[in-house]
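1. fold the following, please.
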Amino acid sequence: MTNEPEIVYGRQPVCELLKAGRREVKRLLMANNVRQSAAAIVQFLKLAEKRGLAVQPVALFELDRMCRSGNHQGIAAVVADYTYAELSDILEGAFERKVPPLLLLVDHVQDPQNLGSMLRSADAAGVNGVVIPRHRAASVTPAVVRASAGAAEHVHVAQVVNLHQAMLALKEQGIRLVGLDGSSTATPYEEADLTGPIGVVVGSEEEGLGKLIRETCDAVIRLPMRGRVGSLNAAVAAAIALFEVRRCQVAGT
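-> A predicted model of the protein is given here:
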């Protein structure tokens, strides 16, 4: 654990943070040289006013230092730690919606950019929640929030000690688990039944789905690769799978 404050930076991530209203905002910072007439800055200032938060002007070099020279685009927010959801919270009310539940389970993805991209896709596809392991995997850090363009502030993320146990718990609740894999033994996704309550399981960047995780899935599917490249980035593959599952779910209702 670190005692350093958590800082969300970048215009869209900070604006989404303020829209979501899920975290305590301790300080809002804006570089002195920012053009306040820019559309994103106008939105930022309006959101800050709406939440009753003062915006503190700071020197650009000071913002660079606080954000470790990250691409802050002139604004940042000092916030409370990210609050993870409970698995039960994610499922609560999920079966009462018109569209069946859709979850994303991430098996030890370690690259913050990949996790951030997955969270952005999960938000866009309207997933009920994302499940990630607590150990040996990326957590929701400011870098992940930045990579998600702020979507991480809207998506409900559960961080579990044991992903396999979480999968078993989801299966008991009627969630069918569909693993994503590029091997020839996997079922082409256009031939798979992707209707009803589903959890899409995505493997790590280097190893893919772990053996036990794969065996626990109810089905394993692969994307149709028709070009010369044999596989896709984990985050891109996850996005395609999520939207295909959601399409099938909607068509099946």
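2. count the neighbours of G129 for me.
-> Look at G129: counted by other CB atoms under 10 Å, it has 22 neighbours. The way it works is simple: take the backbone N, C-alpha and C, and place the C-beta from them, glycine included.
3. show me what contacts it?
-> 85, 87, 89-91, 103-104, 155-158 (CB atoms under 8 Å, 6 or more residues apart in numbering).
4. list just the nearest of those to A149.
-> Within those, distances to A149 taken as CB to CB reach their minimum at V155, with 11.6 Å.
5. which members of the contacts of G129 are classed as buried?
-> Those of those that meet the buried threshold are 85, 87, 90-91, 103-104, 155-158, by 16 or more other CB atoms under 10 Å.
6. and the residues you listed, which of them are in strands?
-> 103-104, 157-158 (DSSP state E).
7. can you redo those residues as CSV with pLDDT and distance to S183?
-> Below are these laid out as CSV (pLDDT from 0 to 100; distance: CB to CB, whole Å):
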residue, pLDDT, distance to S183
L103, 98, 23
L104, 98, 20
V157, 97, 28
A158, 97, 28
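8. from those residues, pick the one nearest A219.
-> Nearest to A219 among these: L103, at 14.7 Å, using CB to CB.
9. neighbours of the residue nearest to the closest one when sequence neighbours are not counted, how many?
-> Among residues not flanking L103 along the chain, G199 sits closest, at 4.1 Å (CB to CB, 6 or more residues apart in numbering). Neighbour count for G199, taken as other CB under 10 Å: 27.
10. where do the helices of the stretch 101-250 of the chain begin and end?
-> Applying DSSP state H, counting those that start in this stretch to the stretch 101-250 of the chain gives helices spanning 112-125, 142-147, 163-172, 211-216, 234-252.
11. now do the contacts for the spatially closest residue to V161 that is not a sequence neighbour.
-> Distances taken as CB to CB, 6+ apart place R134 nearest to V161, at 5.4 Å, with adjacent residues excluded. Neighbouring residues of R134 by CB under 8 Å, 6+ apart: 159-161.
12. please apply the same query to V34.
-> Counting by CB under 8 Å, 6+ apart, V34 touches 41, 74-75.
13. can you do 6 Å?
-> Applying CB atoms under 6 Å, 6 or more residues apart in numbering to V34 gives the contacts 41, 74.
14. tell me, what's the model's pLDDT at it?
-> We have a pLDDT of 84 for V34.
15. likewise N71?
-> On the pLDDT scale, N71 is placed at 84.
16. in which helix or strand would I find it?
-> Following DSSP states H and E, there is no helix or strand that holds N71.
17. pretty sure G252 sits against T195.
-> Yes - using CB atoms under 6 Å, G252 makes contact with T195 at a distance of 3.5 Å.
18. many thanks, have a good one.
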